[in-house]
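Enquirer: Structural data only, the sequence is not supplied:
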DNA sequence: GTCTATAGAATGATAGAC
DNA sequence: GTCTATCATTCTATAGAC
């Protein structure tokens, strides 16, 4: 299926150069066809972009849900800390995270509504996944800390580490991961 | 000085549409001149962009240093919590933060080196400012938490909240601020 | 320092042959 | 589904008059 090749290449190009910075000719080039042939698969650049975005959203959610399923038997500490490492490690392996972040953080104006809706669904899903994780183990939490606090502050740290990932200084990211985790775990557990 | 008008408008346009998405004609239009007149002030679009970026970097650092100076007599808790609120509140008041984040997170490829250098200097400065803040008050910290841990995990939370700022859901941002702060403070102090 | 005129390249998109 | 040919538009940038 050529549309999948196109979407894969488009994801990379959009991740590297943004929506406006990536041209159909460079995408077509990388796939090995002429740019006009793209229109046999997608009716416009906007159509290609939004298809790519929808895929990337499904992809992000799939990874996270899959991780939760596969590690449901581990301890709370293990689930959380390993997740941070695995999710951050995922960044190097594909452009999906980079594209998804770029698009969610700075959506091209003409897609703003649509993408904001996607972001909202994504974050909602994420929050409720983590909320129920902490709800199951709420006996481990400090008296003043309820499951919602524990979940939301964990996700805030995750977002903060993603920013460090974008900056691209691995040593600094590592230090931030270590310190944030230490402070978080001390703040959350008895 | 017209160059300042140009840089101000350019900042807004680059913040809204990115480097490639903002055109010289739309910038000139908003300033009230023809696009060709821009070349009397800047030798290229790249020149205008990098000038704008340098200004934005100075601006971000200035705000943070100024805040630190003005609040050096407050308690640690007060300094930190008020900073979170003031810095986040700043987002609505100018496009400087948005532009600076967009550019630092996703620099146009041709400026990558230059911007990475700027980002590095900015974060270094920020970290050492906060490091010495905690160094001064390290008696308030938990035994296992040193000033570096306290500083880096605070800055990670700040970055995480900036992401939420970009998403643009104020109620969610507020919840994250409350929970993150609560967990952080419990994790860091005796 | 601003303007008009213009160059030259690239962009997204359509029509129609094969 | 891919190609060639082509269009209209936009883009950055330069030259030169005022």
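Expert: Received, thanks. Note that the structure is a prediction, hence the values are computed from the model and not measured.
Enquirer: Give me the distance between the residue nearest in space to the middle of chain A and chain B.
Expert: Centroid-nearest residue in chain A: residue A:97, 4.6 Å away (criterion: CA atoms, centre = their mean). According to CB to the nearest CB, to the nearest Å, residue A:97 and chain B sit 12 Å apart. The way it works is simple: take the backbone N, C-alpha and C, and place the C-beta from them, glycine included.
Enquirer: secondary structure class for that residue?
Expert: Recorded secondary structure, residue A:97: helix (DSSP: H, G, I helix; E, B strand; the rest coil).
Enquirer: for residue A:75, what are its contacts?
Expert: Contacts for residue A:75 (CB atoms under 8 Å, 6 or more residues apart in numbering or on different chains) come out as none.
Enquirer: hang on, the earlier thing: for the residue nearest to the centre of chain A, list the residues it contacts.
Expert: A:60, A:90-91, A:162.
Enquirer: 10 Å - rerun?
Expert: A:15, A:56, A:59-60, A:63, A:87-88, A:90-91, A:162, A:165-166 (CB atoms under 10 Å, 6 or more residues apart in numbering or on different chains).
Enquirer: Show the secondary-structure elements that the helix or strand harbouring residue A:68 is packed against.
Expert: According to DSSP states H and E, residue A:68 maps onto helix A:45-70. When contacts are defined as 3 or more CB pairs under 10 Å, 6 or more residues apart in numbering or on different chains; DSSP states H and E, helix A:45-70 sits against helix A:2-21, helix A:24-31, helix A:76-93, helix A:96-105, helix A:112-136.
Enquirer: Any part of the second one near chain B?
Expert: In this case it means helix A:24-31. No: judged by CB under 10 Å from any CB of the partner chain, helix A:24-31 makes no contact with chain B; its nearest approach is 12.2 Å.
Enquirer: quick one: contacts of that helix?
Expert: Counting by CB under 10 Å, 6+ apart, A:2, A:5-14, A:16-17, A:23, A:33-39, A:41-42, A:44-45, A:48 sit against helix A:24-31.
Enquirer: If we use 7 Å, what do you get?
Expert: For helix A:24-31, contacts defined as CB atoms under 7 Å, 6 or more residues apart in numbering or on different chains pick out A:5-6, A:9-10, A:13, A:34-35, A:37-38, A:45.
Enquirer: just the third one next, same as before
Expert: In this structure, residues lying in contact with helix A:76-93 by CB under 7 Å, 6+ apart are A:63, A:67, A:71, A:97-98, A:133, A:137, A:140, A:154, A:158, A:161, A:165, A:177, A:181, A:185.
Enquirer: what's the model's confidence in stretch A:35-43, averaged?
Expert: The average pLDDT within stretch A:35-43 is 98.
Enquirer: End to end on it, go ahead and measure it.
Expert: End-to-end distance for stretch A:35-43: 12 Å, by CA to CA, to the nearest Å.
Enquirer: Please identify the buried residues of that stretch?
Expert: A:38, A:41-42 (16 or more other CB atoms under 10 Å in any protein chain shown).
Enquirer: Quick check: the residue of chain A nearest chain B.
Expert: residue A:187 (2.7 Å; CB to the nearest CB).
Enquirer: Three-state assignment for that residue, please.
Expert: Residue A:187 ends up helix, using three-state DSSP.
Enquirer: What is the burial count for the residue nearest to it when sequence neighbours are not counted?
Expert: In this structure, residue A:187 finds its nearest non-sequential neighbour in residue B:187, 2.7 Å apart by CB to CB, 6 or more residues apart in numbering or on different chains. Counted by other CB atoms under 10 Å in any protein chain shown, the residues lying close to residue B:187 total 25.
Enquirer: do the same with residue A:103
Expert: 24.
Enquirer: try residue A:32
Expert: Counted with other CB under 10 Å, residues neighbouring residue A:32 total 10.
Enquirer: where does it land on pLDDT?
Expert: 98.
Enquirer: next one: phi and psi at it?
Expert: phi 100, psi 30 (degrees, to the nearest 10).
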